[in-house]
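Trainee: what follows is a predicted structure for the sequence shown.
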Amino acid sequence: MRLLTYQYQDKAPSRWKLPRINLDDNINLIGGLSAVGKTRLLNTIFNLSLIIQKKRDISAGCWELEFQVEQSIYKYILHLEIDRSTHNVVVAKEQLTKNDTNIISRNKQTFLLRGKKLPALSKEDTGIYLLKEDKKIEQIYNEFKKIYIRRLNPTYFGVPEDFTQLGGITKEVLEKEPGQFTPEYIQSNFRDVNTQLLLLKMHHRRIYESIFRDFKTIFPFVADMNVKPAKEVKQLTIQMKLPLDIVIPVLVIKEKGVKEEIPIMNMSSGMLRCIIQLVDIYSMPDDSIYLIDELENSMGVRALPQMTDILLSRSNKLQLIFTSHLPYVFNNVNIRHWRILTRKGSQVTVTSGASLDKKYSQSHQDAYTQLINSELIEDGI
């Protein structure tokens, strides 16, 4: 799936509105002042994915987007509003077209599938979710499952004694048919990076080794990486009795010249951020959409350049949509991939990098310097 265009509007009271934004099929760097709406843009895209999968309650708002799957172009409109009689959020309008041919056409009164009227179905679920057993709609439903988001580091890296915050996996699950543990299945069903790495090590050794290779590229002082049961990590003092049927994996690294292993909860925040993002990009199926809020968060001068380069190198397989404030990121992403947001009240304006390229190419200053001295930043809100 590749998102081609996207627009969104909140319902009352905020009426926050993002106009139609054209997206590149590989790299999209979202810039602008804090509070202009960058994070909100990513959240609304991800929320749409969750709503279609019925993984969160639907909330009032209007989405309009175009996306590409293989060689076909789809348009999708979804308007959700609060029903005045029940006070529940319901589907007021939904339309899905493929190459300008209607598949789903729905309003408050009628529900059509390929032009044929359907019986009354739940108004509190999207048509894509309700009709996902249809083979052609199942493909679209599965494409919306390929939208992932990475925000700040998870909170489960607590003090060593606090194993309640670490993930775990039952021995019964570990003994399931190996073919079930596809990288996509691991990414979607196990949120704890320790468990993800254990399963990748067991079932996808090549991916696991690629993650380790890139991790060593970023941190060349790392000599080895492993995933062990918590009870085998000598540096941890376990003050609670662990269930016999549950394995609690812990990532450990070995640094050159350091005798003891370092468990994940003692690693730097930059290391954590990098390992999580590496697991993300190697576990996602091809043609996924990867949303990253504040690419540089927790990363130091050592990690950020290498991690940025690795992410950009994966853009032929993933569509990257990410936010940043740092000069390094902007200066290493072609200006044509920039999308700069400004806001006046609830109305957001999007300036494309292509228009800035024509303007900034006349100066000897780098593009980022011209951007931060422009009206887009000075008058950004």
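Mentor: Cool, got the structure. Quantities reported herein were computed from a predicted structural model and do not represent experimental measurements. Numbering: from 1, shown residues only.

Trainee: measure the residue nearest the centre of the chain to Leu33 for me?
Mentor: Nearest to the mean C-alpha position of the chain, counting by Cα atoms, centre = their mean, stands Ile149 at 1.9 Å. Plainly put, Ile149 is 21 Å away from Leu33 if you go by Cβ to Cβ, to the nearest Å. The C-beta positions use only the backbone N, C-alpha and C, and glycine is treated the same way.

Trainee: any weak-confidence spans in the stretch 151-300 of the chain?
Mentor: 152-167, 237-243 (pLDDT under 70).

Trainee: what segments of the chain are helices?
Mentor: 38-53, 127-130, 135-144, 171-174, 183-189, 193-203, 205-218, 269-283, 303-313, 327-331, 353-360, 367-372, 375-378 (DSSP state H).

Trainee: who's in contact with the first one?
Mentor: Right, the one you point to is helix 38-53. Outside helix 38-53, the residues that touch it by Cβ atoms under 8 Å, 6 or more residues apart in numbering are 3, 6, 8, 16, 18, 21, 30-32, 56, 58-59, 61, 63, 65, 78, 80, 126, 128-129, 141, 144-145, 147-149, 289, 291-294, 321, 323, 341.

Trainee: that helix vs helix 135-144, what angle?
Mentor: 150 degrees (axes from the mean of the first three to the mean of the last three Cα atoms, to 10 degrees).

Trainee: hmm, Leu4 and Asn22 touching each other?
Mentor: Yes: using Cβ atoms under 8 Å, Asn22 makes contact with Leu4 at a distance of 7.2 Å.

Trainee: follow-up on the earlier one: how about the helices of the chain, which one is nearest Asn99?
Mentor: Between Asn99 and the helices of the chain, the shortest separation by Cβ to Cβ is 12.4 Å, and it involves helix 135-144.

Trainee: now the helices of the chain in CSV, with mean neighbour count and distance to Lys117?
Mentor: Listed next are those as CSV, based on neighbours: other Cβ atoms under 10 Å; distance: least, Cβ to Cβ, whole Å:
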stretch, mean neighbour count, distance to Lys117
helix 38-53, 20, 22
helix 127-130, 22, 13
helix 135-144, 16, 17
helix 171-174, 13, 44
helix 183-189, 17, 35
helix 193-203, 23, 45
helix 205-218, 17, 47
helix 269-283, 21, 42
helix 303-313, 18, 47
helix 327-331, 17, 51
helix 353-360, 15, 44
helix 367-372, 18, 52
helix 375-378, 13, 49
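
Trainee: redo these as TSV? Include distance to Glu94.
Mentor: Shown next, in TSV, are those (distance: least, Cβ to Cβ, whole Å):
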stretch	distance to Glu94
helix 38-53	10
helix 127-130	5
helix 135-144	12
helix 171-174	36
helix 183-189	25
helix 193-203	34
helix 205-218	37
helix 269-283	30
helix 303-313	34
helix 327-331	37
helix 353-360	32
helix 367-372	38
helix 375-378	35
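
Trainee: please name the bridge partners of Asp29.
Mentor: For the record, residue 29 is Leu, not Asp. Beta-bridge pairing of Leu29 under DSSP bridges involves Phe322, Trp338.

Trainee: I figured it hits Trp338, correct?
Mentor: Yes: using Cβ under 8 Å, Leu29 is in contact with Trp338, at 5.2 Å.

Trainee: any shared contact partners between these two?
Mentor: In contact with both Leu29 and Trp338: Phe330, Gly353, using Cβ under 8 Å, 6+ apart.

Trainee: residue boundaries of the strands in the stretch 1-150 of the chain?
Mentor: 2-10, 17-22, 27-31, 61-69, 72-82, 89-98, 101-107, 111-113, 116-117, 147-150 (DSSP state E, counting those that start in this stretch).

Trainee: can you tell me which of those is most buried?
Mentor: Ranked by average neighbour count under the criterion mean count of other Cβ atoms under 10 Å, the strands of the stretch 1-150 of the chain are headed by strand 27-31 at a mean of 23.

Trainee: check the average confidence over it, would you?
Mentor: Averaging pLDDT along strand 27-31 gives 97.

Trainee: return the residues in contact with the nearest residue to Leu371 once chain neighbours are set aside.
Mentor: In space, and not counting its chain neighbours, Leu371 is closest to Ile377: 6.5 Å by Cβ to Cβ, 6 or more residues apart in numbering. Contact analysis of Ile377 by Cβ under 8 Å, 6+ apart lists Gly32, Leu33, Leu371.

Trainee: same thing with Glu81?
Mentor: Lys11, Ala60, Val89, Val90, Ala92.

Trainee: just give me the neighbour total for the residue nearest to the third one when sequence neighbours are not counted.
Mentor: Read that as Val89. Computed as Cβ to Cβ, 6+ apart, the closest residue to Val89 that is not its neighbour in sequence is Ile58, at 4.8 Å. If you count neighbours by other Cβ atoms under 10 Å, Ile58 ends up with 22.
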